[in-house]
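Enquirer: my questions concern the predicted model and sequence given below.
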Amino acid sequence: MVVKVYVSGISGNHEIRKRQQTVLFILSSLKIDFEVIDITEMGKEEQREFMREQCKLHEKPNPLPPQIFYDDEYCGDFNDFEAANEDNYLKAFLKIDSNKPNSEVVGDIPEPTDTNKILNNVETGENETLAV
């Protein structure tokens, strides 16, 4: 089971890109294993539709990236993520068992270059598939 972050790799909106970078940076810095799903890539139509449907079920009528899931379970949007991080309940928000030691909670720590690639791709809008 893994945290999934749904992003838009080609967003022209600076605020959306900034929010996506913030989520990815925080997850990376906390060494939380996550997968990036770029909903703008060809072949990702099912993931994009799944994200939209889940957001609507949780009364989020305009699901802008980033959207955060734990596997297929909806966690929230950027505002929810930011509030959880500010209030120090991010692991609970992400549905990560906080009773487990970090070595059991997180996967392999990504190489800094991989994390930088993800953050850079979100900023530049490049469509390279990267999973941490």
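Expert: Great, that's in hand.

Enquirer: pLDDT below threshold where in the protein?
Expert: 98-132 (pLDDT under 70).

Enquirer: please redo it, this time with the cut-off set to 90
Expert: Judged against pLDDT under 90, the low-scoring parts of the chain cover residues 1, 11-12, 60-62, 96-132.

Enquirer: show me where the chain has strands.
Expert: Per DSSP state E, the chain has strands spanning 3-7, 34-38, 67-70, 73-77. These are given in chain order.

Enquirer: quick one: closest of these to Glu86.
Expert: Each of the strands of the chain was scored for nearness to Glu86 using C-beta to C-beta, and the closest is strand 73-77 (13.2 Å). Backbone N, C-alpha and C define where each C-beta goes, glycine included.

Enquirer: circling back to that earlier point, mean neighbour count and distance to Asn88 added to the strands of the chain, as TSV?
Expert: As requested, the strands of the chain are arranged in TSV below (neighbours: other C-beta atoms under 10 Å; distance: least, C-beta to C-beta, whole Å):
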stretch	mean neighbour count	distance to Asn88
strand 3-7	23	17
strand 34-38	21	19
strand 67-70	22	17
strand 73-77	18	16
